[in-house]
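J.: Only the shape, not the letters, is given here:
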């Protein structure tokens, strides 16, 4: 199926999922919307049902495990409507209840405390499945940098991004196993990954399990940490997020003292990933970097000559 044909097929699919006994030709007054339509992901809503077509290269066994984790950790992750992914013209499709997203036009009401508490709860939860997949954050960051290297090697902003990336340890570049192989992580935390369910004002829950798995929990704090370090997130919002994570017993950083030895490497990796995506997009469009994108590249230039902080190894468990 071509990308252009996927959206109408998924739209018909989610309508049938929402109304399994209705004729497809019966007029329907329900709310329907396309929530995302990208080469790697298409998400469509019909009434209270959301269908997501995952990337064409999604591993079926790993996605099934990730959906099972969501089903078994209600109150932290949004549970799926159906426990097993289905197929639609060569793409894996999952079904979820619709929830109220974060309002991007109300930054002062951003649920940083709720996001932090949910992350802490996830990081403290034992895996509810045997043999959980690996968290995909470093893998996705590596893909973004590889695409930059392949498509915009001569862009003036490419060199500082690649220099910052090359200074990272191998695990953060997706080239070696992560030093934590037991902690459940979301893998792609940002405010777009929270919804209220049930609508309109139920509790906040984490969504999007595509990158969920075991790994270094500091990766889940890295994007807000990077935004804070780049001046894109106000200090008050960062302080609230970090304090709420610590108050909830999150294990990614020490309960007091300097959090940056734990956060430095993941925050650098997320900065390089985000900058790589920005430069790739700007080069393809033939457009200049905007102020935010420029600040990310400038951060990479500052990071490159400074050795990343490496946290001390945790103490060995008592014998």
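T.: That came in fine, so what should we check first? Please read these numbers as outputs of a predicted model, since none were measured by experiment. Numbering: from 1, shown residues only.
J.: what about the closest residue to residue 110 other than its chain neighbours, how many residues close to it?
T.: Leaving aside its sequence neighbours, residue 110 sits nearest to residue 191 (C-beta to C-beta, 6 or more residues apart in numbering; 5.8 Å). C-beta: built from backbone N, CA, C; applies to glycine. The number of residues packed near residue 191 is 17, by other C-beta atoms under 10 Å.
J.: Could you do residue 198 as well?
T.: 12.
J.: ok, now how distant is the residue nearest to residue 111 when sequence neighbours are not counted from residue 40?
T.: Leaving aside its sequence neighbours, residue 111 sits nearest to residue 204 (C-beta to C-beta, 6+ apart; 5.4 Å). Going from residue 204 to residue 40 by C-beta to C-beta, to the nearest Å gives 25 Å.
J.: The residue lying closest to residue 186 once chain neighbours are set aside: what's it in contact with?
T.: Spatial nearest neighbour of residue 186, excluding adjacent residues (C-beta to C-beta, 6+ apart): residue 220 at 5.1 Å. Residue 220 makes contact with 119, 122-123, 185-187, 189, 252, according to C-beta atoms under 8 Å, 6 or more residues apart in numbering.
J.: For residue 304, give its distance to residue 14.
T.: Distance from residue 304 to residue 14, by C-beta to C-beta: 45 Å.
J.: err, residue 249, not the other one
T.: 38 Å.
J.: Counting neighbours, go ahead and name the busier of the two.
T.: residue 14 (24 against 12).
J.: Could you pull up the residues touching the more buried one?
T.: 32, 44-46, 49-51, 95.
J.: Can I get these in a markdown table including secondary structure and pLDDT?
T.: What follows is these, written out as a markdown table (DSSP: H, G, I helix; E, B strand; the rest coil; pLDDT from 0 to 100):
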| residue | secondary structure | pLDDT |
| --- | --- | --- |
| 32 | strand | 83 |
| 44 | strand | 97 |
| 45 | strand | 96 |
| 46 | strand | 95 |
| 49 | strand | 96 |
| 50 | strand | 97 |
| 51 | strand | 97 |
| 95 | strand | 97 |
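J.: are any of those residues buried, and which?
T.: 44-46, 49-51, 95 (16 or more other C-beta atoms under 10 Å).
J.: Of those residues, which is the nearest to residue 311?
T.: residue 50 (37.9 Å; C-beta to C-beta).
J.: Is the nearest residue to the closest one once chain neighbours are set aside in a helix, a strand, or coil?
T.: Of all residues not flanking residue 50 in the chain, residue 96 sits nearest, at 4.6 Å (C-beta to C-beta, 6+ apart). Of the three states, residue 96 takes strand under DSSP: H, G, I helix; E, B strand; the rest coil.
J.: residues near residue 96, how many?
T.: 24.
J.: Ok, residue 290 next?
T.: Neighbours around residue 290, by other C-beta under 10 Å: 10.
J.: Would you report the backbone torsion angles of it?
T.: phi -80, psi -180 (degrees, to the nearest 10).
J.: got it, and the one 5 residues further on?
T.: Residue 295 has phi and psi values of phi -70, psi -30 when expressed as degrees, to the nearest 10.
J.: doesn't residue 230 make contact with it?
T.: Yes. Under the criterion of C-beta atoms under 8 Å, residue 295 makes contact with residue 230 at 5.2 Å.
J.: Give me the common contacts of those two.
T.: By C-beta under 8 Å, 6+ apart, no residue touches both residue 295 and residue 230.
J.: that older thread, OK, contacts around the residue nearest to residue 50?
T.: 49-52, 78, 80-81, 207 are the contacts of residue 96 under C-beta under 8 Å, 6+ apart.
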